[in-house]
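[1] Next input, structure requested:
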Amino acid sequence: MEQIQRINLGPTDLSTGGTSAKRLTYVASALFMLGAVFNLIDYYIEGTELARHLLISATHLLAAILFFFKNRFELSSTSKYAPHLMVYGEGLGIKTTVFSKAEFFTWDEIVQIELGSTKIGVKMKESQRLIYYKHQMQKKSALEQTKRTIEAVTASKGIEVKKIS
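    Numbers count the residues shown, from 1 in each chain. Purely as a prediction, here's the structure:
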């Protein structure tokens, strides 16, 4: 399967370039880690209720780890787990969440593709059913680039590409 282009569908396509979202998750992760450390220091000073302090510290550390891995996997523009659209010579691949598998459609199966800032629709030839995939691409220039990329491949295949709101 020859890969033509990968298009990110998540927060990395925001008008800020995604750097604000990435920085915010790193800051949140650091703050939760500090909260865990300060809670353990509080126990050292007070010397009471070890179970409560350990539970609060463990909760803070868990939140810090979740924010860190959200940044590394979901907000990264290069992560294979991040939401993305893959345009191949043979078809279209769509992955909309970190925990879902990418779905692949050959160009022969597709009649129409609808692109919007919050969803992608794929209309199938056999069932004439439109399948929608939710995503977070909000930058209009990214949406236009995605439409042009798909149109470049589908022009000779008779597949309509529509932009929706």
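[2] Output the below-cut-off pLDDT ranges for this structure.
    Along the chain, the model assigns pLDDT under 70 to residues 1-3, 10-19, 136-140.
[3] Show me where this protein has its helices.
    Counting by DSSP state H, the chain has helices at residues 19-46, 50-69, 140-154.
[4] Give me the distance from stretch 26-44 to the chain's centre.
    The chain centroid and the centroid of stretch 26-44 are separated by 28 Å under Cα atoms, centre = their mean, to the nearest Å.
[5] For that stretch, list the C-alpha coordinates in CSV.
    Coordinates of each C-alpha in stretch 26-44 appear next as CSV, following Å, rounded to 0.1, in the frame of the first residue of the first chain:
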residue,chain,number,x,y,z
TYR,A,26,2.8,19.4,30.2
VAL,A,27,2.0,22.2,32.7
ALA,A,28,-0.9,20.2,34.1
SER,A,29,1.3,17.1,34.3
ALA,A,30,4.0,19.1,36.2
LEU,A,31,1.4,20.6,38.6
PHE,A,32,-0.1,17.3,39.4
MET,A,33,3.5,15.9,40.1
LEU,A,34,4.2,18.9,42.4
GLY,A,35,0.9,18.3,44.2
ALA,A,36,1.9,14.7,44.9
VAL,A,37,5.3,15.8,46.2
PHE,A,38,3.9,18.6,48.4
ASN,A,39,1.3,16.2,49.8
LEU,A,40,4.1,13.8,50.8
ILE,A,41,6.0,16.7,52.4
ASP,A,42,2.8,17.6,54.3
TYR,A,43,2.7,14.1,55.6
TYR,A,44,6.4,14.3,56.7
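[6] List the buried residues of it.
    Neighbour counts using 16 or more other Cβ atoms under 10 Å place Ala28, Ser29, Phe32, Met33, Gly35, Ala36, Asn39, Tyr43 of stretch 26-44 among the buried residues. Any C-beta I mention is one placed from the backbone N, CA and C, and that applies to glycine too.
[7] For it, which outside residues touch it?
    49-50, 53-54, 56-58, 60-61, 63-65, 67-68, 71 (Cβ atoms under 8 Å, 6 or more residues apart in numbering).
[8] hmm, which of those are the buried ones?
    Buried among these (16+ other Cβ under 10 Å): His53, Ile56, Ser57, His60, Leu61, Ala63, Ala64, Phe67, Phe68, Asn71.
[9] Give the full set of residues in contact with the fifth one.
    Counting by Cβ under 8 Å, 6+ apart, Leu61 makes contact with Phe32, Met33, Ala36.
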